[in-house]
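**Q** Here is a sequence together with a model predicted from it:
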Amino acid sequence: MQRDRIEAPSQATLAVLDLAEGARAHHLWHLLAWQDIRRLYRRSVLGPFWLTVSMGALVGALGSLYGMLFEVESADYVPFLALGFIVWTLISGVITDGCKAFITAEGIIKHVGLPLSIHVYRLLWRHLIILFHNAAVFVVVAAVFAVWPGWTGLLALPGLLLLCLNGIWAGLLLGIVSARFRDVPPIVTSVVRICFFVTPIIWMPELLPARTLVLDANPFFHLVEVVRAPLLGQMPGPASWIAVLVMTAAGWLVTFAFFRRYRRRIAYWV
Amino acid sequence: MVSLRIEAVTVDFPVYSAGARSLKKRLLHRGTGGRIVHGAANRMRVRALEDVSLAMKRGDRIGLVGSNGAGKTTLLRVLAGAYEPTQGRIERRGRTASLLNVSLGIDSEATGYENIMTRGLLLGLRPDQVRVRVDEIAAFTELGEYLAMPVHTYSAGMRLRLAFAVCTSFDPEILLMDEWLGIGDRAFVEKAKHRLEQFVERAGILVLASQNTSLLQRICSRGVLLDEGRVTCFGSIDEVLRMYRETA
């Protein structure tokens, strides 16, 4: 018996420490996220506001065309479309980039013993910065069509928070799996693309003949809904809140188990 | 109290051929019930370090020598905390800075000043701690107005100056360096050596991997000779270098 030896901390403790210390290094992931954004727009006149401009153009073009195709009032359709797009950009961005979270950070991971969660926070923060730029489009749309959500609109904040919590586990999980299996990123990219068309973003759920499984079984519908509905002045259905809460809990359970088990292997996989 | 200790450390690298890394192979393997066992379970391992134990205390200047592929970089990565060893333990006490890769965190579109900040934060500093040192770092690099230019305009040697200056500026207690002097010009190498000597006088721990025996002889007190992942000699730098010359 060697009693003088200090017990090494368990893998679960190390995983929790990684998540907590990663969050504490917010200066670092804030800086890296901005660096990612600036890298895309350096030397351009508008810089990151190109995000706003292109989102605005997209909403303007699709809003007028699809509004006619679906024969819905612009005042209902355009705000719905703008919000749907903005939230979807966050969700799909976190998922597709989540696959590359660790792969693209190879240089850092192999150089310094920083918490690995930093790379996921960086990625989420990057997409939140994009979200805030895109949000300007909704402000304009809301002004034009006189949309005022009232107090209900504040519910979008817990909605966004839940989205972020889901984003962290999704980025972590996809990042780990993709570091090991390099076929996962292209698979995820194509699945996300399909989900975009299946989820009511450019089409309104009211257009469906009846409320079907297409909506209720689609996790992305609920994720979009908890942010979109409040900002349109509507209460998201209880089904959406429950679905998102369950997703958050289940996702974290699975991801934590993965992270606990494979955290120390990631540096060898990237 | 500054110390750096590793005990019976073994590091195995999984080598996934493009095939084994893909999901297809995994699924096919399941589907065909082991007919392509060789292709799918092609889990080769490279043992990069085997049963390495080292204890370093304040004031130790360790030169790491060995032929290419002997495990020097892997050992430095283990010491830096980047790789958690497959077996064995590591215990590190003290602020650690590593200079294993000159382009760590470098955004080549960003200016030298911006990259000083990025690198500083990556080494674990807070923004205010970097800010108070920017002038000193800038002076040490002697890059002058270049620091306001994007780093893609820099030569390899200039990048090294930047990386070295940041890495050594914040008073680290443990300094890990890998084959970095090759690209510096003579004036900078002299300056860097001088700075390393100062660091050593402050009784930190320095681990330096290099093929440059005269540099090692000048700076290091002890040496570690690695051969195929094993420590074949851990003693005074002269003894280690002599053994290295004999075996190489």
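**A** Thanks, I have the structure now.
**Q** most centrally placed residue in chain B?
**A** Residue closest to the average C-alpha location in chain B (Cα atoms, centre = their mean): B:L100, at 3.3 Å.
**Q** Could you give the bridge partners of the residue found closest to that one once you drop the neighbours it is linked to in the chain?
**A** Closest residue in space to B:L100, ignoring its immediate chain neighbours: B:D178 at 4.5 Å, by Cβ to Cβ, 6 or more residues apart in numbering or on different chains. C-beta coordinates here come from the backbone N, C-alpha and C atoms, glycine included. Judged by DSSP bridges, the bridge partners of B:D178 are B:A209.
**Q** burial of B:D178, as a residue count?
**A** A count of nearby residues for B:D178, using other Cβ atoms under 10 Å in any protein chain shown, gives 21.
**Q** any idea how far A:A82 is from A:A257?
**A** As judged by Cβ to Cβ, to the nearest Å, A:A257 and A:A82 stand 38 Å apart.
**Q** Out of those two, name the residue with the larger neighbour count.
**A** For A:A257 versus A:A82, neighbours defined as other Cβ under 10 Å are more numerous around A:A82 (29 against 13).
**Q** buried sites along the strand or helix carrying the more buried one?
**A** In this assignment (DSSP states H and E), A:A82 forms part of helix A:74-98. Buried residues in helix A:74-98, counted by 16 or more other Cβ atoms under 10 Å in any protein chain shown: A:77-98.
**Q** try stretch A:186-202
**A** A:188, A:192, A:195, A:199-202.
**Q** and if you look at stretch B:4-17?
**A** B:4, B:6-7, B:9, B:11-12, B:16.
**Q** Lowest-confidence member of the residues you listed, which is it?
**A** Least confident of these in the model: B:Y16, at 77.
**Q** ok, that one to chain A distance?
**A** 8 Å (Cβ to the nearest Cβ, to the nearest Å).
**Q** Over to B:G71?
**A** The value you get for B:G71 to chain A, if Cβ to the nearest Cβ is used, is 14 Å.
**Q** Enumerate every residue touching that residue.
**A** For B:G71, the contacting residues are B:11, B:48-49, B:52, B:226, B:228-229, by Cβ atoms under 8 Å, 6 or more residues apart in numbering or on different chains.
**Q** Can you tell me, leaving aside adjacent residues, what's nearest to the residue in the stretch 101-250 of chain A that chain B sits nearest to?
**A** Distances between the stretch 101-250 of chain A and chain B by Cβ to the nearest Cβ are smallest at A:G113, namely 2.4 Å. Distances taken as Cβ to Cβ, 6+ apart place B:G81 nearest to A:G113, at 2.4 Å, with adjacent residues excluded.
**Q** Could you double-check that that neighbour lies in contact with B:E91?
**A** No: using Cβ atoms under 8 Å, B:G81 is not in contact with B:E91; the gap is 10.9 Å.
**Q** Which helix or strand in the chain has the lowest average pLDDT?
**A** No chain in the question, so chain A it is. Least confident element among the helices and strands of chain A, by mean pLDDT, DSSP states H and E: helix A:213-216 (a mean of 83).
**Q** Actually, chain B is the one I wanted.
**A** helix B:37-40 (a mean of 41).
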